[in-house]
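Peer 1: generate a structure from the sequence data that follows.
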Amino acid sequence: MAKLRKKIISLLRRQFLAGVIVIVPLILTFMVLRFLFGGVDNLFSPLIEKLFGIRIPGLGIVATLVLIYFVGVLANNVIGSRIIRLWDILFAKTPLVRTIYGASKQFLEGLTLSNKKALQQAVLIQYPRLGCYAIGFTASRIEVKAAGSKSDMIAVFIPSTPTPFTGFSYLFPAEEVIPLELTVEEALKFVVSGGFVSPEKFLPAKNK
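Peer 2: Reported below is the predicted structural model:
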């Protein structure tokens, strides 16, 4: 009877975890998309309703997709790229906005564009204490001068689980940062999954 109970519990646990692995990414994706589509819908729907007297269901989804595509087309031609450059300059000179806009843009570029240096290297660091390890991403190398001495430090972004777009940034001595033979995508999968999606080994990167 006890063995049967253990088998049933084990089966239920495996099935539940399998469900979590499928459902949680869907829920997170849905939440992000709902926030994005809802924001665009709240922006355009009142205007459409005021002009034409009708409210179109799902306008936010269509408008978001069209807006993203249009901006992408605009960014890939000469005139559009100049307009976007002027837009960046305007935002860069606006107090408070420049901090949020600039940081978020650099972060997303670091995650999505292979020619950008930000967040290109997955590393292993001891955090939050010695003996515990966390996955991070190198952001920049900084020379810190304090108490009459200079230290070569590396800024490391440590993403949170399951939303890697939030996290903490710390400065670590260069010798304490271990570059890994992991791509950014592989490291992000490890973080987002809470460690369930993981390589068998974390190997130090060669010639880093």
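Peer 1: quick one: residues contacting residue 176.
Peer 2: By Cβ atoms under 8 Å, 6 or more residues apart in numbering, the contact list for residue 176 reads 125-126. From N, CA and C alone the C-beta is placed, and that goes for glycine too.
Peer 1: can you pull out the helices in the chain?
Peer 2: Secondary structure of the chain (DSSP state H): helices located at 2-52, 59-75, 78-92, 97-112, 184-192.
Peer 1: may I see the buried residues of the lengthiest strand in the chain?
Peer 2: Ranked by number of residues, the top strand in the chain under DSSP state E is strand 133-146. Going by neighbour count (16 or more other Cβ atoms under 10 Å), the buried part of strand 133-146 is 134-139.
Peer 1: output those residues as JSON lines; include the columns distance to residue 125 and pLDDT.
Peer 2: Below are those laid out as JSON lines (distance: Cβ to Cβ, whole Å; pLDDT from 0 to 100):
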{"residue": "134", "distance to residue 125": "6", "pLDDT": "93"}
{"residue": "135", "distance to residue 125": "8", "pLDDT": "93"}
{"residue": "136", "distance to residue 125": "5", "pLDDT": "92"}
{"residue": "137", "distance to residue 125": "10", "pLDDT": "90"}
{"residue": "138", "distance to residue 125": "10", "pLDDT": "88"}
{"residue": "139", "distance to residue 125": "12", "pLDDT": "80"}
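Peer 1: save the residues you listed as CSV, and put in distance to residue 189 too.
Peer 2: Output for these, formatted as CSV (distance: Cβ to Cβ, whole Å):
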residue, distance to residue 189
134, 15
135, 10
136, 15
137, 13
138, 18
139, 20
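Peer 1: most widely separated two among the residues you listed?
Peer 2: Looking at these by Cβ to Cβ, the two members farthest from one another are 134 and 139, with 14.7 Å of separation.
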